[in-house]
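Asker: here is a sequence together with a model predicted from it:
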Amino acid sequence: MTAAPNTPVVESELPARPLGPGAVSWYASSDNRFLLVSVRTLILQVGHPMVGAGVGAHSVYKTDPWGRLWRTAVSLTKQVFGGYEAAIEGQRLIAMHREIMGKDDSGRRYSALNPSAYLWVHATMFDAWRLFLRDFGPGLSADEEAAMYEEWRRVGLLIGTKPSLMPRDLGEFESYWADMLDGLENNAVVQDLLYYPPKRPPYVPIPQGMVDLAYTPAIALLRDVMANTLDPQLRARFGIAKPDAHSRRRYELLKLTSKSLNLVPSPIRRAPLANWQMWRTAKDPRITPEPINYPRRSA
């Protein structure tokens, strides 16, 4: 679609059907425990040379990290839970990223709308959904994984990824994923996300030292997640220590603790923004529930 941002969506012109209640990806993206894989996902995204260069030169992740986080959360909420608003959000993203281009420190040209880079950012979401549900959530059967992959493709088409570049099925996605990992690079943005605390939230009367103090154990925990789940060669490329016996035990305890929270009712586990958007979209008479209705057992 080439319409301007906020152009009303014409249902017959959409390249895919928006997601509805029961979507596997609705469960994964809405759960607060998804934060356990969030930094890993960001690391994979900015490891792409073009994405890392664009973020390093144009993003306000250093000067306004909390505002940047909020805007990202709102965008992802619209993409996954927004129903027909997902297509409008895709138009907005494309318009917003049109001017983000330049040369990196090695003289290589980058563009935020490079089709391969744009697809890669979206691809990391499927990897994150899958890891979260397998290791921290209710699990993932082969049928549920296939359904979630189809949902991922639909969201990608709605937000403007190039159809010819999208892997057609899970088998193609695995090959694509392995090839892309080989091209990821360490860079300053990767290291910032791995080790450096953000600035304190504006208008919150707490000293930066308290933010640093809270951030240190939190990012260490998330590095544990990365150490135990990233491809070993990529982990070494990013400078993340190889997991030792203690790290593996901590990771197993984290998984066990997280899975125990499956007993907590879903609305309590969900992020408020996701809860609101899911409720709003479910009321749209054009939206149809997904056939899988994940999770099939009560959770």
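Answerer: Sure, I can see it.
Asker: all helices for the chain, in order.
Answerer: 24-30, 38-46, 49-58, 65-81, 85-97, 115-131, 142-158, 170-182, 188-195, 208-229, 232-237, 245-260, 266-269, 272-282 (DSSP state H).
Asker: turn those into a markdown table, columns for mean neighbour count and distance to residue 291.
Answerer: Heads up, the C-betas are built off the backbone N, CA and C, glycines and all. A markdown table is the format used below for the helices of the chain (neighbours: other CB atoms under 10 Å; distance: least, CB to CB, whole Å):
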| stretch | mean neighbour count | distance to residue 291 |
| --- | --- | --- |
| helix 24-30 | 26 | 11 |
| helix 38-46 | 22 | 27 |
| helix 49-58 | 21 | 34 |
| helix 65-81 | 18 | 18 |
| helix 85-97 | 20 | 19 |
| helix 115-131 | 20 | 18 |
| helix 142-158 | 20 | 7 |
| helix 170-182 | 13 | 17 |
| helix 188-195 | 18 | 37 |
| helix 208-229 | 15 | 30 |
| helix 232-237 | 14 | 35 |
| helix 245-260 | 13 | 25 |
| helix 266-269 | 14 | 19 |
| helix 272-282 | 17 | 16 |
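Asker: closest to residue 294 out of these?
Answerer: helix 24-30 (4.1 Å; CB to CB).
Asker: and that closest one, how far out from the chain's middle?
Answerer: 11 Å (CA atoms, centre = their mean, to the nearest Å).
Asker: residue 249 and residue 38: what is the separation?
Answerer: 23 Å (CB to CB, to the nearest Å).
Asker: give the contact list for the residue sitting nearest the centre point of the chain.
Answerer: In the chain, the centroid-proximal residue (CA atoms, centre = their mean) is residue 125; its distance is 4.0 Å. Going by CB atoms under 8 Å, 6 or more residues apart in numbering, residue 125 touches 29, 41, 76, 152, 155.
Asker: go with 7 Å
Answerer: residue 152 (CB atoms under 7 Å, 6 or more residues apart in numbering).
Asker: gap between it and residue 200?
Answerer: 29 Å.
Asker: and what of residue 188?
Answerer: From residue 188 to residue 200 the distance is 22 Å (CB to CB).
Asker: also residue 30?
Answerer: Residue 30 is 27 Å from residue 200, by CB to CB.
Asker: kindly report the same for residue 25.
Answerer: 33 Å.
Asker: wait, residue 118 touches residue 165, no?
Answerer: No: here residue 118 does not reach residue 165: they are 8.9 Å apart, not a contact under CB atoms under 7 Å.
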